[in-house]
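Q: sequence and predicted structure, then a few things I'm wondering about:
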There are 2 protein chains.
Amino acid sequence: MLSKNTVKFIKSLHQKKYRSQSGQFFVEGEKSVLEVLDSDFLVDLLLVTENFQQKYARRLERFKGEKILVTQNQLEQVGQFQSNDSALAVVTMKSNEAFTPTRDELILALDEVRDPGNLGTIIRIADWYGIKKMVFSLHTAEFYNPKVIQASMGSFTRVKFFYGDLQEVFTKWRLPVYGAFLKGENIHEMKSISPGVIVMGNESNGISGEIEKLVNHKVTIPAFGEAESLNVAIATAILCDNFKRLLGA
Amino acid sequence: MLSKNTVKFIKSLHQKKYRSQSGQFFVEGEKSVLEVLDSDFLVDLLLVTENFQQKYARRLERFKGEKILVTQNQLEQVGQFQSNDSALAVVTMKSNEAFTPTRDELILALDEVRDPGNLGTIIRIADWYGIKKMVFSLHTAEFYNPKVIQASMGSFTRVKFFYGDLQEVFTKWRLPVYGAFLKGENIHEMKSISPGVIVMGNESNGISGEIEKLVNHKVTIPAFGEAESLNVAIATAILCDNFKRLLGA
């Protein structure tokens, strides 16, 4: 049975402060809950509807944590989804550990991307393009924000990431660093490219001055019309698409 | 002075029903209001703050419609922006007139794209890639929804569009029709392409069965990872980028 304390606890996880305190976050909806169950994340608590329980009975047998049967109405009260007739999982955050990149992979770095929807969409794009590692500046949106988790559509389970000082990180890595600027090399005209780090900047201000100094390849998404800019998630997708095309060529 | 009736009228324009009745919509924020003033849209009423009035005094001299001086607080009460210290314009909708495409341009068609944020973002992408004409199926999100206008970042002023039955339209035009499908030609491997219509489908269901029959070139955005799909605005951007690259090559 769903206790008042559990309801209160899950509701507290809507706020960053309480997520940080408990070291946990929540994941909701059929697809995302199934993906987090199959991932290397530790699921601590699972709220499931009768419907979800029946549909995935065999898959749930493997789950050894606490499981509570709830109604759709109860799920919708504790989560953020307007409609959720399947499940919600409370999950332990991963520790913030830096990874070591190899020289043959693309890495995505975000310099102060603040909007959770943008971060989640970018994680989904990275997953589409097989980019497995991301690094975030310290003030980039919080990975465990429910809006990030939702927008990533399950892709959050498949990315390695950490938050750190990008200046220090880039200096340590000594990899090629690519950034999108208005006056860079036209990415449609490039014939080849080396793997490295693609850095994407803040929604309003772009890549910060300190990070720009560490960008050694300025690239440009060619414009053919009059829009002044592209949304950061859109620009990320276009760069990833061009990089993968050029790396495959 | 801002009358109660004017407040009530502008607030009514948040709802589609009243937009349709009056044939008007509203545009808010510095950039979008300036763009609509410079466009071929007819601006009927302008609410401006002292600040906006002073900053753009010369530009506003040319404006012959009704202009009301308001406070930032008043703007925020009538509009949808949380913060707006500049202006809001009430604008006359354009009539829904079909255009005739030429054979050397790209046209974007949307088949039941329902989310206003996606529609606005797609309009901005079209504008970036110099696509000047769009056609929308009858149940695609409403162009004049405030969320569409906001997400388009002023690009809504630069696109020709109409709503119609896509089957009829495509049959009449007899142009190449391109659509994104999981099993199509890999767009990274294509060497050239002809101008035509790019059709994008619904967020959940993709391109509908009737429209699929009229697609004569199925193309695929190659995936390199495990995400099952891309958001429709992201997919639109990637297709437009590849089309412009191939057309320029």
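A: Arrived safely.
Q: elements contacting the lengthiest strand in chain A?
A: Counting residues, the longest strand found in chain A (DSSP state E) is strand A:177-186. Other helices and strands packing on strand A:177-186, by 3 or more Cβ pairs under 8 Å, 6 or more residues apart in numbering or on different chains; DSSP states H and E, are strand A:197-200, helix A:209-212, strand A:217-220, helix A:232-248. Every C-beta, even on glycine, is put in place using the N, C-alpha and C of the backbone.
Q: now do 6 Å
A: Counting contacts by 3 or more Cβ pairs under 6 Å, 6 or more residues apart in numbering or on different chains; DSSP states H and E, strand A:177-186 is packed against strand A:197-200, strand A:217-220.
Q: ok and that strand relative to helix B:232-248, angle-wise?
A: Orientation note: strand A:177-186 sits at an angle of 40 degrees relative to helix B:232-248 (axes from the mean of the first three to the mean of the last three Cα atoms, to 10 degrees).
Q: mind checking the pLDDT average for strand A:177-186?
A: For strand A:177-186, the mean pLDDT works out to 93.
Q: could you list the buried residues of that strand?
A: By neighbour count with 16 or more other Cβ atoms under 10 Å in any protein chain shown, strand A:177-186 contains the buried residues A:Val177, A:Tyr178, A:Gly179, A:Ala180, A:Phe181.
Q: same question for stretch A:68-76.
A: Across stretch A:68-76, burial judged by 16+ other Cβ under 10 Å covers A:Val70, A:Gln74, A:Leu75, A:Glu76.
Q: so for that stretch, first residue to last residue, what's the gap.
A: 15 Å (Cα to Cα, to the nearest Å).
Q: run through the residues of chain A sitting next to chain B.
A: Chain A comes close to chain B at residues A:124, A:127-130, A:155, A:158, A:188, A:223-227, A:230, A:234, A:237-238, A:241, A:244-245, as judged by Cβ under 6 Å from any Cβ of the partner chain.
Q: and the residues you listed, which of them are buried?
A: Applying 16+ other Cβ under 10 Å to the residues of chain A next to chain B, the neighbour count classes A:124, A:127-130, A:155, A:158, A:188, A:223-225, A:227, A:230, A:234, A:237-238, A:241, A:244-245 as buried.
Q: tell me the most buried of the helices and strands packed on strand A:177-186?
A: Among those, ranked by average contacts under mean count of other Cβ atoms under 10 Å in any protein chain shown, first place goes to strand A:197-200 (a mean of 25).
Q: so what touches that one?
A: Residues from elsewhere that reach strand A:197-200 (Cβ atoms under 6 Å, 6 or more residues apart in numbering or on different chains): A:Ile107, A:Leu108, A:Ala109, A:Leu110, A:Asp111, A:Leu175, A:Val177, A:Tyr178, A:Gly179, A:Val232, A:Thr236, A:Leu239.
Q: quick revisit: closest one of the buried residues of strand A:177-186 to chain B?
A: If you rank the buried residues of strand A:177-186 by distance to chain B using Cβ to the nearest Cβ, A:Ala180 comes first, at 12.6 Å.
Q: now the closest one: how far from A:Ser229?
A: Using Cβ to Cβ, to the nearest Å, we find A:Ala180 at a distance of 10 Å from A:Ser229.
Q: who's in contact with the residue most central in space within chain A?
A: Closest to where the C-alpha atoms of chain A average out (Cα atoms, centre = their mean) is A:Ile123, at 3.7 Å. Contact analysis of A:Ile123 by Cβ under 6 Å, 6+ apart lists A:Ser152, A:Ser155, A:Phe156, A:Val159.
Q: where along chain A do the helices fall?
A: Secondary structure of chain A by DSSP state H: the helices cover A:4-12, A:16-22, A:30-37, A:50-55, A:57-61, A:72-78, A:116-128, A:146-152, A:166-173, A:209-212, A:232-248.
Q: any chance of the helices and strands packed on strand A:177-186 in a markdown table, with mean pLDDT and distance to B:Arg19 too?
A: Below are the helices and strands packed on strand A:177-186 laid out as a markdown table (pLDDT from 0 to 100; distance: least, Cβ to Cβ, whole Å):
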| stretch | mean pLDDT | distance to B:Arg19 |
| --- | --- | --- |
| strand A:197-200 | 98 | 36 |
| strand A:217-220 | 96 | 38 |
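Q: for those, which one sits closest to A:Glu210?
A: Proximity to A:Glu210 (Cβ to Cβ) singles out strand A:197-200 among the helices and strands packed on strand A:177-186, at 11.5 Å.
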